[in-house]
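Asker: coords please:
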Amino acid sequence: MKTFFKKYSFVLWGLYIPVYFICFIYLEKRNDVNFNYIHCSLDDKIPFIEAFIVPYLLWFAYIFVTVAYFILFERKEFNRLAWFLTCGMTMFLIVSYIYPNALDLRPAVYPRDNFFTDLVKHLQTTDTPTNVLPSIHVYNTLCVTTALLLNERFAKSRLRCVLIVILSVLIILSTMLLKQHSVIDVISAFFMAVVFFLLTYVLPQYLTKGKSMKDNTD
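Answerer: All right, here's what the predicted structure looks like:
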C-alpha cells in the first residue's frame with residue numbers, strides 16, 4: 001500500500017484539487033461575514049497597467065504545464081512540489097475562513113479603453129475581490145518556480161532559468177498592477193512560501209541526512 005501511494009501520489013493530489021475548489025467556491029459565495037479590507041499606503045502608489053493581464057493569465061498555463069512536467073518526467077520531485085503547493089493552498093483556505101478578507105483597490109473608472117482593459121473587466125466580473133490574503137497567485141508561482149530551478153534536468157539550461165524567473169516576476173507584479181492584490185497579500189505569500197519550503201524541502205533532507213549519518217555510525 002505504501003509503495004502504491006508513493007508511486008501514484010499524483011492521483012491523491014488530483015483528488016485534493018476538487019476538494020480545494022469546493023472550499024474556495026464556498027468562501028467566495030459566503031456573504032454573512034464582515035470582511036477585513038487589506039490595504040497599505042504603497043498600494044496607492046502602484047499604477048494600474050492593464051497590459052499585465054497577459055502574464056496574469058499566463059499563470060494558469062504556467063502552473064498546469066509545470067505540474068504536468070513533474071508528473072510525467074520527475075515523479076519523485078513531484079511529491080515535494082505537491083506537498084509544497086498543498087500546504088500553502090490549505091493554509092490559504094484556513095486563513096480565509098478564520099479571517100475573511102477583501103480588497104477595495106480596483107479602479108472605479110479604467111484609465112484606458114482597449115483590448116487589455118476588456119480582458120481585465122472580464123476577469124474582474126468573474127473573480128471577486130475577496131479571499132486575497134495571502135495571494136495564491138503569487139504563492140503557487142513561487143512553488144513551481146522553486147521546483148523548476150531546483151530540478152537538475154531543467155536547470156541545465158541557463159536560458160530556461162532566466163526566462164522562468166522573468167515570467168515569475170511578471171506574474172507577481174501583475175497581481176499588484178492589475179489591483180488584484182495588495183502588497184500585503186504578496187509579502188504574506190512570500191513569507192508562507194519560505195515557511196513551507198523549509199518544511200517540505202529543507203527539513204526532509206536534513207532528517208534524511210541525519211538518519212544516514214546515524215546508520216553509518218552504527
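
Asker: my read: residue 85 touches residue 145, true?
Answerer: No: assessed by C-beta atoms under 8 Å, residue 85 is found out of contact with residue 145, at 12.0 Å. Just so you know, the C-beta spots here come from the backbone N, C-alpha and C atoms, and that holds for glycine as well.

Asker: more crowded one of those two?
Answerer: residue 85 (24 against 21; other C-beta atoms under 10 Å).

Asker: where's the more buried one, which helix or strand?
Answerer: helix 75-98 (DSSP states H and E).

Asker: other residues contacting that helix?
Answerer: 6-7, 9-10, 13, 16, 20, 23-24, 27, 67, 70-71, 101, 131, 133-134, 136, 139-140, 143-144, 146-147, 150-151, 189, 192-193, 196-197, 199-201, 204 (C-beta atoms under 8 Å, 6 or more residues apart in numbering).

Asker: cutoff 7 Å now
Answerer: 9-10, 13, 16, 20, 23-24, 27, 70-71, 131, 133-134, 136, 139-140, 143, 147, 151, 192-193, 196-197, 199-201 (C-beta atoms under 7 Å, 6 or more residues apart in numbering).

Asker: swap in stretch 159-179?
Answerer: Counting by C-beta under 7 Å, 6+ apart, 46-49, 52-53, 55-56, 58-59, 62, 105-107, 120, 135, 137-138, 141, 145, 148-149, 154-155, 181, 183, 186 sit against stretch 159-179.

Asker: just the buried residues out of those residues, in ChimeraX syntax.
Answerer: Selection of the buried residues among the contacts of stretch 159-179 in ChimeraX, burial being defined by 16 or more other C-beta atoms under 10 Å:
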select :48,49,52,53,55,56,59,62,105,120,135,137,138,141,145,148,154,181,183,186
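
Asker: just the ones in helices from the contacts of stretch 159-179, please.
Answerer: 53, 55-56, 58-59, 62, 120, 137-138, 141, 145, 148-149, 154-155, 183, 186 (DSSP state H).

Asker: re the thing from before, report the distance from the helix holding residue 85 to the chain centre.
Answerer: Taking C-alpha atoms, centre = their mean, to the nearest Å, one finds helix 75-98 lying 9 Å from the centre of the chain it belongs to.

Asker: now stretch 137-149
Answerer: 7 Å.

Asker: select the helix or strand of this structure having the lowest average pLDDT value.
Answerer: Among the helices and strands of the chain, helix 2-7 carries the lowest confidence by mean pLDDT, DSSP states H and E, at a mean of 54.

Asker: okay, the residue nearest to the spatial centre of the chain: pLDDT?
Answerer: Against the mean C-alpha coordinate of the chain, by C-alpha atoms, centre = their mean, the closest residue is residue 140 at 1.8 Å. With respect to pLDDT, residue 140 scores 98.

Asker: against residue 147, how distant is it?
Answerer: 11 Å (C-beta to C-beta, to the nearest Å).
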